[in-house]
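Peer 1: build me a model from this:
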Amino acid sequence: MPTKTAKGRTQTYSGNVSMYEAKLERIGERFGATDLNWGLGREEAWVEFRLKGQLYRFDHSLQKAAARGIKLKRGTDAFAQLVLALEDLARLAERGIYELQTWLAGMKALPAAVQVPSFLQFLRFEEIPASVEDVKDRYRTLALTMHPDAGGDPEDWHKLQNSMEQATRYYATAR
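Peer 2: Prediction:
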């Protein structure tokens, strides 16, 4: 059984890989999954399978866990977490709480996280602005204080100019 620890503490899992592999096989049968495959390395693990012809892949790593405040020691711990998470999904489906296919389809339908380009971040945007006009307004506001004649740093002024040029190109091609 896995050790249960508070967030931020190291989580290790007892048992060996073959125990979790056998558990994964049983979970795959419960799902009706085909082409079940998995792999692990020193710091990561992955599981993939087909469900009604659609390929699904789940991966986990020490880095992903650390980003959530969970400390894992090795890839086998990441594999154990994957297997246990898939087991939780199987329980949801078996209890009639949620159909696995519906849940997985919903995951695929989620929009990808939007990364704000660095040139827009320099213009102090936390989200991508709706239009180039919003960018121009922000540029004018920042230019009042960043221009060297207004006491601004020449290097920051140069970065502001470059950011505005990149934003203009971005909106010309992306929209």
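
Peer 1: so where's this structure uncertain?
Peer 2: 1-15, 101, 103-113, 174-175 (pLDDT under 70).

Peer 1: 80 instead, please
Peer 2: Flagging of the chain using pLDDT under 80 yields the residue ranges 1-15, 52-53, 98-114, 174-175.

Peer 1: can you give me the strands for it?
Peer 2: 10-11, 34-40, 44-51, 54-61, 71-72 (DSSP state E).

Peer 1: domains of this structure?
Peer 2: The chain breaks down by automatic domain parsing into domains covering 10-109, 118-174.

Peer 1: format these as TSV; extra columns: mean neighbour count.
Peer 2: Heads up, the C-betas are built off the backbone N, CA and C, glycines and all. Formatted as TSV, the domains of the chain follow (neighbours: other C-beta atoms under 10 Å):
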stretch	mean neighbour count
domain 10-109	15
domain 118-174	14
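
Peer 1: closest one to residue 134 among the strands of the chain?
Peer 2: strand 54-61 (36.7 Å; C-beta to C-beta).
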